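Asks: Just need the structure, nothing else, for what follows:
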Amino acid sequence: MTRHATIVLFPLIAILVFPQVGATPPSMTLDGQVSSGACESNGTCTLTLSTANPEDVIVLVAQCVAFLSCNATISSVSDSDGHTWTLRAVYTPSREIWEYYTIANSPLSSDRITVNWSGSGGLEFAAFGVSGANTRHPWDPSPRLPLEEAASSSICYVNSQGFTICNVTFSAVGAQDFVIVSTAVNDDQVCQVTLPFTNLDGYDGTVGLDYAITNLGGPEPRSFICANSDPVLFLVDALTGPGS
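Replies: Presented below is the predicted three-dimensional model:
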């Protein structure tokens, strides 16, 4: 009796994996931060910033450190790595706030940043890197940003404990934003904030800087609440992510 071996060939099944369409874009992160302290003499104010990642947006926020009003002017911002700094916003009704930025294609290693200024009142500034932001079009395209807002009775009230509470409403359109809120303070502690906001910088009862990384895009207005402080004015802005 002859036995026959039967060979069964199974077809090969190839499984192809495609990237998910509409996947969440990479998150932005804070990449290094440093503040100058007060520079109370005309001339230059410097600090040194290091970052860990390439393709960062570097932001510099400067404020006058006088309590109620001052008369300071920034003539230029430069750094030892030779980046070109661009003025994004300036709010100068009484307590000046300036916002500059540049793009760092390589990580910064002890990059010395210099602000040249003149006038009275003194100056303090903070610089920080944001990794994962859109380096070609860094700022949220909302026509309502940057937002300049005075701490008036229309947005602020005093609670039963005697603390000032301010609710700053703003609109952003980016799918993901790194929101920056600069606050001029009248001789008091910096804003006490709630999540998603976190304090980034504060100086001697006059300067506050907070940020949040969150998905803010959409038609609904968003709020930044400053509690238990004595703010004078706010400057709100937002960097946008690469998918925006």
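Asks: show me what contacts the spatially most central residue of the chain?
Replies: With distances taken as Cα atoms, centre = their mean, the residue of the chain nearest its centroid is residue 180 (3.6 Å). For residue 180, the contacting residues are 59, 61, 99, 209, 210, 211, 236, 237, 238, 239, taking Cβ atoms under 8 Å, 6 or more residues apart in numbering as the criterion. Every residue, glycine included, has its C-beta placed from N, CA and C.
Asks: For the first one, list the residues it contacts.
Replies: Neighbour list for residue 59: 99, 100, 101, 127, 128, 129, 130, 180, 239 [criterion: Cβ under 8 Å, 6+ apart].
Asks: before we move on, back to that, is the residue nearest to the centre of the chain part of a helix or strand, or is it coil?
Replies: In terms of secondary structure, residue 180 is strand; the call rests on DSSP: H, G, I helix; E, B strand; the rest coil.
Asks: coming back round to it: would you format the contacts of residue 59 as CSV with secondary structure and distance to residue 215 included?
Replies: Formatted as CSV, the entries for those read as follows, by DSSP: H, G, I helix; E, B strand; the rest coil; distance: Cβ to Cβ, whole Å:
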residue, secondary structure, distance to residue 215
99, strand, 22
100, strand, 26
101, strand, 22
127, strand, 26
128, strand, 21
129, strand, 21
130, strand, 16
180, strand, 16
239, strand, 13
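Asks: Quickly name whichever of the residues you listed is closest to residue 113.
Replies: residue 127 (5.4 Å; Cβ to Cβ).
Asks: Kindly state the pLDDT recorded for the closest one?
Replies: The predicted structure scores residue 127 at 96 on the pLDDT scale.
Asks: Distance check, it against residue 138.
Replies: Residue 127 sits 15 Å away from residue 138, taking Cβ to Cβ, to the nearest Å as the criterion.
Asks: more crowded one of those two?
Replies: More neighbours sit around residue 127 than around the other of residue 127 and residue 138, counting by other Cβ atoms under 10 Å; the figures are 28 against 20.
Asks: tell me the contacts of that one?
Replies: Taking Cβ under 8 Å, 6+ apart as the criterion, residue 127 is in contact with 33, 34, 35, 47, 49, 58, 59, 60, 61, 113.
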